[in-house]
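Asks: Next input, structure requested:
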Amino acid sequence: MESIETGQLIYLVVLLAMVGGWFLMQSREGLNKTLQYAAVWAMIFVGGAAAVGLWQDISRDARTPQYSVAGSDQIIVPRARDGHYYLGLEVNGAPIRFVVDTGATDMVLTQADAARAGLNPDELSFLGRASTANGLVRTAYVRLDEVQLGGVTDRDVPAVVNEGEMAQSLLGMGYLQRWGRIEIAGGELVLTR
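Replies: Residues are numbered from 1 along each chain as shown. Below you'll find the predicted structure:
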């Protein structure tokens, strides 16, 4: 219940009241039909207003920028609603979305993201091992020709490709340590070189 904001709770209560009111109005036989129709239209109006309010919340989140560049050497990343920080990097020219994971040792690519970046997972040697929350997985060590975030480009970046199932690539400390300063404050992740 912590993740539900007060505004969302109000919208849900209004929608519940609308539906409950509709059933109440349908079960009462003694009310004038005009009054019933007026109540139905009022409920439709209130439901429409609640839907517009919810849509504004959804679209506001979709419009939230992924990150902003402050000067040539600073990236500011807002925290997502799920509490994580997400960054889109260009890896070998391909856009790849990462979740920032300071608990991960390396930059870890899913097999699909590795393929997007020009690496063929079928040709990789999965000789490494990594201990994850899902258990032990095999990994393949790779070197990425180019990784770009904002105006900053790094070359010859070490990374691993995970042989197991992963929902998303991880941006671990292997890449983050290239930034001179990593700070999390006020719902923002700030990377500074």
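
Asks: mind giving me the domain split of the chain?
Replies: 6-63, 68-192 (automatic domain parsing).

Asks: Please identify the most buried of those.
Replies: Burial of those is given as mean neighbour count (mean count of other CB atoms under 10 Å); domain 68-192 ranks first at a mean of 16. Using the backbone N, CA and C atoms, a C-beta is placed for each residue, glycine as well.

Asks: In JSON lines: the domains of the chain, plus mean pLDDT.
Replies: What follows is the domains of the chain, written out as JSON lines (pLDDT from 0 to 100):
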{"stretch": "domain 6-63", "mean pLDDT": "71"}
{"stretch": "domain 68-192", "mean pLDDT": "91"}
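
Asks: elements contacting the biggest strand by length in the chain?
Replies: Ordering each strand of the chain by length in residues (DSSP state E) puts strand 135-149 first. Contact here means 3 or more CB pairs under 8 Å, 6 or more residues apart in numbering; DSSP states H and E; on that basis strand 135-149 packs against strand 86-91, strand 128-132, strand 152-162.

Asks: So for M107, which of those strands sits nearest?
Replies: strand 152-162 (4.0 Å; CB to CB).

Asks: contacts for the next helix or strand after that closest one?
Replies: Remark: after strand 152-162, the chain's next helix or strand is strand 169-171, criterion DSSP states H and E. For strand 169-171, the surrounding residues in contact (CB atoms under 8 Å, 6 or more residues apart in numbering) are 87, 89, 96-101, 104, 107-110, 113.

Asks: Reformat the residues you listed as a markdown table; add secondary structure and distance to D154.
Replies: Below are those laid out as a markdown table (DSSP: H, G, I helix; E, B strand; the rest coil; distance: CB to CB, whole Å):
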| residue | secondary structure | distance to D154 |
| --- | --- | --- |
| L87 | strand | 13 |
| L89 | strand | 10 |
| I96 | strand | 14 |
| R97 | strand | 18 |
| F98 | strand | 14 |
| V99 | strand | 19 |
| V100 | strand | 16 |
| D101 | coil | 18 |
| A104 | coil | 17 |
| M107 | coil | 10 |
| V108 | strand | 16 |
| L109 | strand | 15 |
| T110 | coil | 20 |
| D113 | helix | 17 |
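
Asks: so which of those residues comes closest to V77?
Replies: Nearest to V77 among the contacts of strand 169-171, with distances taken as CB to CB, is L87, at 6.0 Å.
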